[in-house]
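J.: coords below, sequence missing:
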C-alpha cells in the first residue's frame, strides 16, 4: 500500500517536471533530453507499480524510445559550472533543511497532533522536502502551520534554483586573451572597413575565429550573443562565417544577433535563416563636397564664426598622448558624465580607458585662455578611406556651438589629410518605417520616432548631423526570428548601457539630448 501511494506521488511529480522540461526540449537542450529520458523511465515504472496501468506505462516507454531515436537533435549545451553549482546548492539545501526540519519537528511537536521522536522527525522532513505534500501532518497551532510552510518554501526554492542552474546557457567567464586580441587586431587591420571596426578590439568583446580567416566580435548578454557589425574578413568568407557563428550559438543555447550591419550582406543573413530589421541610418559626409560657403554651410557658419571671434581654436594631438593631456581629457570627461547624469557605455561605443584614448588621435577645442573645453577621439576605418569619432565630450564652461566648431574642424582636417569621407555615426530610427511597403514593426518604430522624441531626442540627434549635409546609409539588426526579437532588443540596450537595462535606457536618452546642447549653438 505504501509503495502504491508513493508511486502515485512519484508519477504526479514526474509528470509535473516533464511539463516544466518542455521549454528546454524546445531549446534543444541536451540536459533536458537526458532528464526527460530518466523521468520517463520513472514515470513508466510508477504507472506499473501504482496499479499495473499498462496504457500509461506503454505511452511513456514509446515517448522515451522516440526521444532516444531523436537524441542527435538535442545538442544545446548547458553551462557546466552552473550545473555543478546548482547541484551543490541543492545538496546544501537538503542538508540544511534536514537539520532544520528535524530539529523543528522534534522540539516543536506540541504544535502538531503527532508526537515526533528523532527518526520520525527526520522522516517527516524528508517526505515534505521530496513530495511537497503530506496528508498525515496536522498542525494544531498557527506557529506549527508556519513552520510546516517554511519546509515547503525551502524545498520549492531549492528545486527552482537547481533547475535554473541546470538549464543555464553556456556563459563566457573570461575576457579575450592577449593572443586572441592580437589575432583579431591583425584581421581587423587587414579587412576592417566600417565605423565599428576599431570598437571590435575593445576589451569587452569575445571572438570567434572562423576557418576561412574571419573574426566575429561579440558580447554575451541575456542569452544573446550580440555581434558588433558584420563579420570581418575576406568578402568571400562572410557567408560561411555567418553560418559558423549561428552553429556556435545553437550549441551553446544562445540567440545569435548582429547589430548595425551593412546592407551588402543582408541576403547572406536571410539565406542563413535570419530576419532583418532596419534600425536607423549612418550619416556619412563626403569631404570633397563639404564646405561652409553658400547655402550648404548656413547652419554651421554662425556658431563657427562666433567662436573664432572669441578666440577659440582647435589642436590635433597624435598618439601616444602625454600624461598631462590625458589628465585634462579625464577632467572634461568626468565633468560631462556628471552633467548628463550618466556612466560609461559599452559595446557599440567606447569608454574613457587610458590605454584606449592614449592610442587614438584626439582633437581638442580650447577657449581663448588656452583651456581645453571639449574633445573627440578619432578612429580610422582601416581599409576604407574614411574616419569617424567615438567619444565626444565637453565641459560645462563650453560655449553653445562648441561641438559644431569641433566637428567642422575635424572635417576640414580630414579633408586636408586626403580622406574621402567622415562618418558621423548612427542616427537611431532615422529613415525607418517611412514607406508604405516597410514592415509593420518598422512603421511602429517610425511612430516612436515621430511621437516620443521628447523622451529620446532621436530627432535632435538627426537634426544635428543633418547640418553637415551627409548622405544616409541604412543599418540593420539581424536576429533569429520574431520570437527572439524582444530578448535581442533588451540585450542591445543592456550591452550599450553597460548592463543596466532601465538606467541604460534613461542614460541613452540623456546622452542623445546632450548632443543637442551645446552642439546646436544658437538654435538650441
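T.: Thanks, I have it. Since we're looking at a predicted model, the values are computed, not measured.
J.: where do the strands sit along the stretch 351-500 of the chain?
T.: 362-366, 372-381, 384-394, 421-428, 471-479 (DSSP state E, counting those that start in this stretch).
J.: which ones are touching residue 200?
T.: 184, 188, 192, 215, 217, 228, 229, 232 (CB atoms under 8 Å, 6 or more residues apart in numbering). Every C-beta, even on glycine, is put in place using the N, C-alpha and C of the backbone.
J.: Please identify the helix or strand for the first one.
T.: What it means is residue 184. Using DSSP states H and E, residue 184 falls within helix 178-191.
J.: Quick one: list the elements packing against that helix.
T.: strand 206-209, strand 215-221 (3 or more CB pairs under 8 Å, 6 or more residues apart in numbering; DSSP states H and E).
J.: a markdown table please, covering those and showing mean neighbour count.
T.: Below are the helices and strands packed on helix 178-191 laid out as a markdown table (neighbours: other CB atoms under 10 Å):
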| stretch | mean neighbour count |
| --- | --- |
| strand 206-209 | 17 |
| strand 215-221 | 24 |
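J.: of those, which approaches residue 497 most closely?
T.: strand 215-221 (10.3 Å; CB to CB).
J.: how far out from the middle of the chain is the helix or strand following the closest one?
T.: Next along the chain after strand 215-221, taking DSSP H and E as the criterion, comes strand 224-228. Mean-position distance between strand 224-228 and its chain equals 7 Å (CA atoms, centre = their mean, to the nearest Å).
J.: Tell me which strands strand 224-228 pairs with, and in which orientation.
T.: strand 215-221 (antiparallel), strand 255-261 (parallel) (DSSP bridges).
J.: wait, what's in contact with the residue lying closest to residue 470 once chain neighbours are set aside?
T.: Leaving aside its sequence neighbours, residue 470 sits nearest to residue 283 (CB to CB, 6 or more residues apart in numbering; 3.8 Å). Residues near residue 283 by CB under 8 Å, 6+ apart: 423, 424, 425, 427, 465, 466, 468, 470, 471, 472.
J.: what's the angle between the host helix or strand of residue 283 and strand 421-428?
T.: Under the criterion of DSSP H and E, residue 283 resides in strand 275-286. For strand 275-286 against strand 421-428, the angle by axes from the mean of the first three to the mean of the last three CA atoms, to 10 degrees is 140 degrees.
J.: neighbouring contacts of stretch 300-312?
T.: 292, 365-368, 399-402, 404-405, 408, 467-468, 521-522.
J.: make it 7 Å
T.: 292, 365-368, 399, 401-402, 404-405, 408, 467, 521-522 (CB atoms under 7 Å, 6 or more residues apart in numbering).
J.: most remote residue from this structure's center?
T.: residue 115 (55.3 Å; CA atoms, centre = their mean).
J.: Number of residues surrounding the nearest residue to that residue once chain neighbours are set aside?
T.: The shortest distance from residue 115 to any non-neighbouring residue, by CB to CB, 6+ apart, is to residue 109 (5.5 Å). Other residues near residue 109 come to 17 when the count uses other CB atoms under 10 Å.
J.: what's the spacing between residue 109 and residue 276?
T.: Separation of residue 109 from residue 276 (CB to CB, to the nearest Å) stands at 66 Å.
J.: Residue 377 too?
T.: With CB to CB as the criterion, residue 377 and residue 276 are 31 Å apart.
J.: repeat for residue 43
T.: For residue 43, the distance to residue 276 - CB to CB - is 44 Å.
J.: Between these two, which has more neighbouring residues?
T.: Under the neighbour definition other CB under 10 Å, residue 43 and residue 276 were set side by side, and residue 43 has more, 26 against 18.
J.: residues contacting the nearest residue in space to residue 209 that is not next to it in sequence?
T.: Excluding the flanking residues, the one nearest residue 209 by CB to CB, 6+ apart is residue 215, at 5.6 Å. Taking CB under 7 Å, 6+ apart as the criterion, residue 215 is in contact with 184, 187, 188, 207, 209, 232, 233.
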